[in-house]
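>>> structure here, sequence nowhere to be found:
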Ligand SMILES: Nc1ncnc2c1ncn2[C@@H]1O[C@H](COP(=O)(O)OP(=O)(O)OP(=O)(O)O)[C@@H](O)[C@H]1O
């Protein structure tokens, strides 16, 4: 494992040969940075332990993940260091360094995300996000998962959920919490790691270690997309049915696309965008995992929909300022046609069937 040999400011080469700088901190450095792990610096707690806000000597704000004592899940933070030391991307919560405590347990230093989680944005924020913002957050998350799946060897996150998508200071979504992530190499670890994840997001096909595939993450992303579309939690006992997928998929199958959109904000005005986003989510949660799209296809599709939504946003009151470009009408029509044909290709529908009443096979 690269990180074990890493010294202060050491560089580790990723598969695409971009060096990642991982710093080794002394435990004292992190004590100082967190006012001795004071409660006033506590950002949150997860299954592995506690997360603190910290200021490094250089003045940089970071988050420090400290294992609980006694540890609840012994390997999560070590695993997170192992995975993150080979990955670096603007769509991830990147690893900056690590430290080791007196019991030989690792602490993680990661980038600080100042605007909470996607879960907070969707479910606790008194002002729910508008549609263009939701589409952008969905696209950024899709690109983050795509980044993992396209790395060499591919990484499967296994815990895609809104609480693991953090929002940075520029309000961009970043995928974090790699405690359960696994590298797709045919080794003992992959074959012997039991299925894990979060209730409500778990792929029903993933019942034994050898059922794990990148399509496991695609399923969880589909649940997350339904959550973004509807504003409903993945699993909420206050709803009937409690699971967002059991509620949304029958509606989408019946073509009642508007019914799955969060009533708290205006849905996309363009019926094609409303339909296609719901269909992408439905395809991700297909029970036959071979028929689910890849994250690359999902990200491309959401990217095309984002463009379509922006152009329609020229007359759309729910669009955000920065999404609106100045596009001459004939060019806008040409671009729109291009996007529509790309979408049809991605969604596997012949162009002649481009009507709301066609193909509803998920
Ligand atoms: N890099 C970060 N910047 C700012 N806050 C963070 C950061 N990482 C985590 N947090 C905060 O700490 C909380 C706990 O995060 P953590 O990743 O440990 O657990 P979780 O994902 O919420 O739960 P679990 O580990 O059980 O899945 C998060 O909900 C978030 O509020």
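Nice, I can see it. As the structure is a computational prediction, the values presented were derived from the model and not from experiment. Numbering: from 1, shown residues only.
>>> following the helix or strand where residue 97 lies in sequence, what is the next regular element?
Following DSSP states H and E, one finds residue 97 within strand 95-100. On the C-terminal side of strand 95-100, the closest following helix or strand by DSSP H and E is strand 106-111.
>>> residues contacting that next one, please?
Contacting residues not belonging to strand 106-111 are listed as 23, 25, 27, 30, 54, 56, 62-67, 77-78, 80-81, 84, 93-101, 168, 174, 176 [C-beta atoms under 8 Å, 6 or more residues apart in numbering]. Yep, even glycine has a C-beta here, placed from its N, CA and C like the rest.
>>> who does that strand pair with, and is each partner parallel or antiparallel?
When pairing is defined by DSSP bridges, strand 106-111 lines up against strand 61-67 (antiparallel), strand 95-100 (antiparallel).
>>> mean confidence for the shortest one?
In this case it means strand 95-100. Mean pLDDT, computed over strand 95-100, is 95.
>>> now that strand: how far from the chain's centre is it?
22 Å (C-alpha atoms, centre = their mean, to the nearest Å).
>>> okay, buried residues for it please.
Within strand 95-100, the residues scored as buried using 16 or more other C-beta atoms under 10 Å are 95, 96, 97, 98, 99.
>>> cool, and stretch 281-289?
281, 282, 283, 284, 285, 286, 289.
>>> then stretch 256-263?
Within stretch 256-263, the residues that count as buried by 16+ other C-beta under 10 Å are 257, 260, 261, 262.
>>> which of the residues you listed lies closest to residue 205?
Distance to residue 205, by C-beta to C-beta, is smallest for residue 260 among these, at 23.1 Å.
>>> that closest one contacts residue 226, doesn't it?
Yes - Residue 260 is within contact range of residue 226, at 7.3 Å (criterion: C-beta atoms under 8 Å).
>>> can you lay out the buried residues of stretch 256-263 as a markdown table showing distance to the ligand, secondary structure and pLDDT?
Formatted as a markdown table, the buried residues of stretch 256-263 follow (distance: C-beta to the nearest ligand atom, whole Å; DSSP: H, G, I helix; E, B strand; the rest coil; pLDDT from 0 to 100):
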| residue | distance to the ligand | secondary structure | pLDDT |
| --- | --- | --- | --- |
| 257 | 31 | helix | 97 |
| 260 | 26 | helix | 98 |
| 261 | 26 | coil | 98 |
| 262 | 22 | coil | 97 |
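>>> between those, which is closest to residue 127?
Of all the buried residues of stretch 256-263, residue 127 sits closest to residue 262, with 12.5 Å by C-beta to C-beta.
>>> can you give me the pLDDT of the residue nearest to the closest one when sequence neighbours are not counted?
Excluding its sequence neighbours, the residue lying closest to residue 262 (C-beta to C-beta, 6 or more residues apart in numbering) is residue 231, at 3.4 Å. Per-residue pLDDT puts residue 231 at 98.
>>> burial check on residue 231, number of neighbours?
If you count neighbours by other C-beta atoms under 10 Å, residue 231 ends up with 18.
>>> that one and residue 239, how far apart?
Using C-beta to C-beta, to the nearest Å, residue 231 is found at 11 Å from residue 239.
>>> on that earlier part again, of the contacts of strand 106-111, which are in range of the ligand?
63, 65, 93, 176 (C-beta under 6 Å from any ligand atom).
>>> and the nearest residue to residue 164 once chain neighbours are set aside, backbone torsions?
Among residues not flanking residue 164 along the chain, residue 177 sits closest, at 4.2 Å (C-beta to C-beta, 6+ apart). Reported as degrees, to the nearest 10, the phi and psi values for residue 177 are phi 60, psi 80.
>>> and the contacts of strand 106-111, which are buried?
Buried subset of the contacts of strand 106-111 (neighbour count, 16+ other C-beta under 10 Å): 23, 25, 30, 54, 56, 62-67, 77-78, 80-81, 84, 93-99, 168, 174, 176.
>>> end to end, how far does stretch 261-277 reach?
10 Å (C-alpha to C-alpha, to the nearest Å).
>>> from memory the residue nearest to residue 262 sits against residue 267, does it?
No - using C-beta under 8 Å, residue 231 is not in contact with residue 267; the gap is 10.9 Å.
>>> which residues touch the residue sitting nearest the centre point of the chain?
In the chain, the C-alpha nearest the mean C-alpha coordinate belongs to residue 141, at 3.8 Å (C-alpha atoms, centre = their mean). With contact set as C-beta under 8 Å, 6+ apart, residue 141 has these partners: 91, 118, 160, 165, 173, 175, 221, 224.
>>> what strand or helix carries it?
helix 131-149.
>>> that helix near the ligand at all?
No - using C-beta under 6 Å from any ligand atom, helix 131-149 stays clear of the ligand, with a minimum separation of 13.8 Å.
>>> right, and the helix or strand after that helix?
Next helix or strand after helix 131-149 toward the C-terminus (DSSP H and E): strand 155-156.
>>> what does that following strand contact?
Here strand 155-156 makes contact (C-beta under 8 Å, 6+ apart) with 83, 87, 148-149, 178, 181-184, 212-214, 216-217.
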